[in-house]
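*Asks:* give me a model of this one.
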Amino acid sequence: MSNIETSPAELTCSTGASDARVEIVRARDVPLGGPRAITVRRTLPQRARSLIGAWCFIDHFGPVDVEMSDGVDVPPHPHTGLQTVSWLFSGEIEHRDSLGTYAAVRPGELNLMTGGHGICHSEVSTRALPVLHGVQLWVALPGEHRDAPRGFQHHVPELIELDGAQARVFLGSLAGVTSPVPTFTPLLGAEITLDPMGVMVLTVDPGFEHGVLVDSGAVTVEGTEIERGDLGYLGTGIATVTLKNRSAEQARLLLLGGEPFGEDIVMWWNFVGRSHDEIAQFRQEWQEESDRFGHVAGYEGALSRLPAPPLPNVRLTPRGNPR
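*Replies:* A predicted model of the protein is given here:
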């Protein structure tokens, strides 16, 4: 999904591990689209925290009735230096990209797009399923792979039964299950559903930092209550994570993790780069319709492509994760 803010912040993101047990990153509301736009809850990036492993962007949206709103209709827009990870709980989104991919993003199915050197794509919610609900995630590519060619992967992870929970592991390894989808840095991505009043203890990689994004229910992470839409962060050095559902209804969350990224990145609009000047070059090439990004065929919206917003008048100063 695009970041279609009209004045997106330009960020220099650096990494730093933390040994605090649980740090809460509050979501902020961001409207996407026109007068009947949907609102997403964004937890990454923020001043308090820029990255969790290589995860650098988290938008959590819905549930929203697409019959009562404009849903999602994002014209072709560019990406560099990142991968997009689409994960739905309900609804359907039509994806088209300049690799020639035409795919339906559906609940419980991973769609991962690589836009290293450059790619563009469009996203349109359909009326096939009336309620749209899910997350859009970005993964920053490390320096040696940030110029990777365009790519698209689809994977349907199996539902696994755990003690007091169910899980779908869409990236990395958890609870004895490993996703076959390769990543450029060590990552974890899993949807977990907790039984009513359920408690579970997960064994995790102590070399990873982790984030728990609560989608529904009354969830505690290591005894700390996390509100719906907020993110609970755990630093490296933790070998187990205890999750508890305090309600009589099922609770759902995403568990995201990865090795501390170890590189500073600059994020602005839909680009990930390493400097202000590089981001400016990406923007110029998109506006000039260069071959870097290619062309999306088959999109029939009012705009043939999403224009880039103007760059800020000031150069950024680094800000990143606290130590």
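*Asks:* where does the prediction get shaky in the stretch 201-323 of the chain?
*Replies:* Residue ranges of the stretch 201-323 of the chain with pLDDT under 70: 316-323.
*Asks:* ignore the last one, the stretch 1-150 of the chain
*Replies:* 1-20, 33-37.
*Asks:* again, only using 90
*Replies:* Within the stretch 1-150 of the chain, the stretches with pLDDT under 90 are 1-21, 31-39, 46-48, 66-72, 127-129.
*Asks:* could I get the full set of strands for it?
*Replies:* 11-13, 23-25, 28-32, 38-44, 55-65, 73-79, 82-90, 93-97, 102-105, 110-115, 119-125, 131-140 (DSSP state E, counting those that start in this stretch).
*Asks:* what's the most buried one of those?
*Replies:* Burial of the strands of the stretch 1-150 of the chain is given as mean neighbour count (mean count of other CB atoms under 10 Å); strand 119-125 ranks first at a mean of 25. Any C-beta I mention is one placed from the backbone N, CA and C, and that applies to glycine too.
*Asks:* ok, that one: who's next to it in the sheet?
*Replies:* Strand 119-125 has the following strand partners under DSSP bridges: strand 73-79 (antiparallel), strand 93-97 (antiparallel).
*Asks:* as TSV, those strands with distance to residue 66 would be great.
*Replies:* Shown next, in TSV, are the strands paired with strand 119-125 (distance: least, CB to CB, whole Å):
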stretch	distance to residue 66
strand 73-79	10
strand 93-97	10
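*Asks:* could you say which one of these comes nearest to residue 286?
*Replies:* Distance to residue 286, taken as CB to CB, is lowest for strand 73-79 among those, at 4.7 Å.
*Asks:* the closest one vs strand 131-140, what angle?
*Replies:* Counting by axes from the mean of the first three to the mean of the last three CA atoms, to 10 degrees, strand 73-79 lies at 10 degrees to strand 131-140.
*Asks:* neighbouring contacts of strand 73-79?
*Replies:* 1-2, 4, 32-33, 96, 98, 113, 115, 118-125, 270-272, 282, 286, 292-293, 295-296, 299, 301-306, 308 (CB atoms under 8 Å, 6 or more residues apart in numbering).
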